[in-house]
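K.L.:
Sequence unavailable; structure follows:
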């Protein structure tokens, strides 16, 4: 009778190989982003960015430890994401950076304001399809419901939702 070991099983070997390749691709993607943007991105341990992310970086993107960003993410702002934060798919961080109220020029030639900064203080969850606009701070422990439009600061440990987002309840 032949005793087979776990590591001799071809399925286990294949699974390990797939895991190794995924890990390499994730790390390679961050190295490529860092190279293209000349150090404008800093990330902590266990930070993940999903496929089809479109990140325009005016000055910086800072990601803490244990950050996960879903697919089709869009960011056009300076961004700080605290530790233990989850950002779902199709979330947009938009800058509110056009000077549209200048009478001397049309909307097309209006120019841009200083880039906006969005801060997630940590332990945050941003739901699917949400839009965060302008200079906003999302407090530690706050949750943004799916398809919400956030244009004001969100208090810590609160749950917000709607268009525009309003405090629905406290998290704890």
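P.N.:
Good, I have the coordinates. Computed from a prediction, not measured in an experiment: that's the story for all the values here.
K.L.:
Closest to the centroid, which residue in the chain?
P.N.:
Nearest to the mean C-alpha position of the chain, by C-alpha atoms, centre = their mean, lies residue 69 at 4.6 Å.
K.L.:
Following element in sequence after the helix or strand of the chain with the lowest mean pLDDT, please.
P.N.:
Least confident helix or strand, the chain: helix 10-36 with a mean of 61, by mean pLDDT, DSSP states H and E. Using DSSP states H and E, the helix or strand that follows helix 10-36 in sequence is strand 41-43.
K.L.:
next SSE after that following strand?
P.N.:
In N-to-C order, the element after strand 41-43 by DSSP H and E is strand 47-49.
K.L.:
who does the next helix or strand along the chain from that next one touch, helix- and strand-wise?
P.N.:
Heading C-terminal from strand 47-49, the first helix or strand you meet, by DSSP H and E, is strand 54-55. Here strand 54-55 is seen to pack against strand 74-75 when contacts are counted using 3 or more C-beta pairs under 8 Å, 6 or more residues apart in numbering; DSSP states H and E. (Each C-beta comes from the backbone N, C-alpha and C, glycine too.)
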